[in-house]
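K.L.:
What follows is a predicted protein model with its sequence.
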Amino acid sequence: MSEAQPLPKLPAPLRGAKAFHASWKPVLLNWLVPGLGYWLIGEKGRAKALFSVTVVFLVLGFLQLQNGAVDGIRGGVYVPQLSPLQWMPTLGAAATAGTGPVYALFGYLFGGVGTEPVRNLVQEYGASYVMVTGLLNWLACFDIFDRTTGRWVWRLPQDEQDALAGKDIPAAK
C-alpha cells in the first residue's frame, strides 16, 4: 500500500492591520453604493445582482411609504430614539442605515421628528423593504470583508476546503 499524500494547507487569512488595509475601500464603497464593492474586487455578477435588488426594493419601499401616507401623515422609516433610549426603533434604524446615504433621504422623507409611527400595512411593507435592503447590504459588506481578507474559504465545508487546498485560490491582495 502506498501512503496518501498529505494535502497542501490553505493560506492563512489576513489579520489586523493587513485585513483592514485590504478591505476598507471595497467595504466602504459597497456601503455607499450597494454592489460597488463587489465590482471593485472583481465579482461583477454579485455586484449586478446586489445593485438590482437594492434598486427594486428601494423603489418599492419609496412607493409604498409615499402612497401609504394617510391624510399626509409621514412615517415608517426607523430613526434612532436615544432620549429616552428605545431599543426597537434604534435597532431598526441601525438595520436600515445599511442602505448607505440613501438612508438620510428616506429618514428625511419618512422618518425623524414630527413623524408618526406606521399607521397602516402599506407603510409597514415599505419600511420593511427599506430595512431588508439595509440588512442585505450589511451582509454584503461582511462578505466583501471575508473575500478580501481570504476568510471566505474557511466558511466552506471541510471537503470543499480540501479540494481547494491544491488549487490557486483567489486570496487577499
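P.N.:
Cool, got the structure.
K.L.:
Pass me the low-pLDDT residue ranges in the chain, would you?
P.N.:
1-12, 69-75, 112-119, 166-173 (pLDDT under 70).
K.L.:
just how off-centre is the helix ranked longest in the chain within its chain?
P.N.:
Assignment by DSSP state H gives helix 121-149 as the longest helix of the chain. Relative to the centre of its chain, helix 121-149 is centred 4 Å away, using CA atoms, centre = their mean, to the nearest Å.
K.L.:
Output the helix or strand just after that helix as CSV, restricted to C-alpha atoms.
P.N.:
With elements assigned by DSSP states H and E, the helix or strand that comes after helix 121-149 is helix 158-165. C-alpha atoms of helix 158-165 as CSV (Å, rounded to 0.1, in the frame of the first residue of the first chain):
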residue,chain,number,x,y,z
GLN,A,158,-14.1,20.7,5.0
ASP,A,159,-14.3,18.6,1.9
GLU,A,160,-14.5,21.7,-0.3
GLN,A,161,-11.6,23.3,1.6
ASP,A,162,-9.5,20.1,0.9
ALA,A,163,-10.4,20.3,-2.8
LEU,A,164,-9.4,24.0,-2.9
ALA,A,165,-6.1,23.4,-1.0
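K.L.:
buried ones in helix 158-165?
P.N.:
By 16 or more other CB atoms under 10 Å, the buried positions in helix 158-165 come out as Q161. All C-beta spots, glycine's among them, are computed from the backbone N, C-alpha and C.
K.L.:
which stretches of the chain form helices?
P.N.:
16-32, 36-40, 44-67, 87-96, 102-110, 121-149, 158-165.
K.L.:
Dump these to CSV, plus distance to P80.
P.N.:
Below are the helices of the chain laid out as CSV (distance: least, CB to CB, whole Å):
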stretch, distance to P80
helix 16-32, 18
helix 36-40, 25
helix 44-67, 18
helix 87-96, 5
helix 102-110, 9
helix 121-149, 13
helix 158-165, 41
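K.L.:
related to what we said a few turns ago, orientation of the longest helix of the chain relative to helix 87-96 in degrees?
P.N.:
In terms of direction (axes from the mean of the first three to the mean of the last three CA atoms, to 10 degrees), helix 121-149 departs from helix 87-96 by 50 degrees.
K.L.:
Could you name the helices and strands sitting against helix 121-149?
P.N.:
helix 16-32, helix 36-40, helix 44-67, helix 87-96, helix 102-110 (3 or more CB pairs under 8 Å, 6 or more residues apart in numbering; DSSP states H and E).
K.L.:
contacts for the first one?
P.N.:
So that's helix 16-32. Residues outside helix 16-32 that contact it (CB atoms under 8 Å, 6 or more residues apart in numbering): 13-14, 36-38, 40-41, 50, 98, 100-101, 137, 140-141, 144-145, 148-149, 172-173.
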